[in-house]
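# okay, sequence plus prediction incoming.
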Amino acid sequence: MRKIAIFGGSFDPIHKAHIQVAQLALQLYKLNTIFFVIAIKPPNKSIQYANIIDRINMLQIATYNLKHMKISLYEVNKHRTVYSYQTLDYFQRKYSKAKIYMIIGSDCVLNFHSWRNICYIKKHYNLIVINRPGVNISKNEINYYNCINDKVYDISSTMIRQLIKDKNNKASLYLNPQVYKYILKNSLYTK
């Protein structure tokens, strides 16, 4: 059976930890494809710092030549907030014979109480949870999900945006070199 994973986010900007997580998920769970699903208006975030075109361009740069990784503009094309269960249902309809997974950080598990239709998602789909540094979820939760316990880069888009705003070259360590050049060329995250 084909295995497809959805990796959603605002990717503002996409960084090395995103790619590392996707590669780990591909290997550990023998996935056929991971779709990076870029959110135009994530339900849990009120601000996007780079516009949608720049975020798509950075995602294309970061995933260029990466086998089994694709970009989906499903949520972008909706021009509104789309909930995770709707995106998962879309992919299940499109790939009806595939097993559908969703990749999330352990911090998301702590916020499941605020998700739309989380019981439905847990019942119908497979969650791959990335253990993030400093985020502890209960042993019961860990045993319930497919977990990636490998050490991943402790990077956040928030941290990268702040480094760029502060004109700190250290931001380049956490980004694909071409993504970093794109950010500088387009003066992203400077305000």
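That came in fine, so what should we check first? Given the structure is predicted, the values throughout are model-derived calculations rather than measurements. Residues are numbered from 1 along each chain as shown.
# beyond the helix or strand containing residue 100, next helix or strand please.
Assigned by DSSP states H and E, residue 100 falls within strand 99-105. Heading C-terminal from strand 99-105, the first helix or strand you meet, by DSSP H and E, is helix 106-110.
# and the strand holding residue 100, how far out from the chain's middle?
Centroid displacement of strand 99-105 relative to its chain, using CA atoms, centre = their mean, to the nearest Å, is 10 Å.
# helices and strands around it, which ones?
strand 3-9, helix 16-28, helix 84-94, strand 126-130 (3 or more CB pairs under 8 Å, 6 or more residues apart in numbering; DSSP states H and E). Placement of C-beta: from N, CA and C, glycine included.
# nearest to residue 37, out of these?
strand 3-9 (4.3 Å; CB to CB).
# now do that closest one, average pLDDT.
Averaging pLDDT along strand 3-9 yields 96.
# show me what contacts residue 80?
40, 41 (CB atoms under 8 Å, 6 or more residues apart in numbering).
# pLDDT score for the closest residue to residue 150 other than its chain neighbours?
In this structure, residue 150 finds its nearest non-sequential neighbour in residue 24, 5.6 Å apart by CB to CB, 6 or more residues apart in numbering. Residue 24 is assigned a predicted lDDT (pLDDT) of 94.
# re the thing from before, tabulate the helices and strands packed on strand 99-105 (JSON lines), appending mean neighbour count and distance to residue 42.
Formatted as JSON lines, these follow (neighbours: other CB atoms under 10 Å; distance: least, CB to CB, whole Å):
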{"stretch": "strand 3-9", "mean neighbour count": "21", "distance to residue 42": "7"}
{"stretch": "helix 16-28", "mean neighbour count": "18", "distance to residue 42": "15"}
{"stretch": "helix 84-94", "mean neighbour count": "18", "distance to residue 42": "10"}
{"stretch": "strand 126-130", "mean neighbour count": "21", "distance to residue 42": "17"}
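# perfect, I'm done here.
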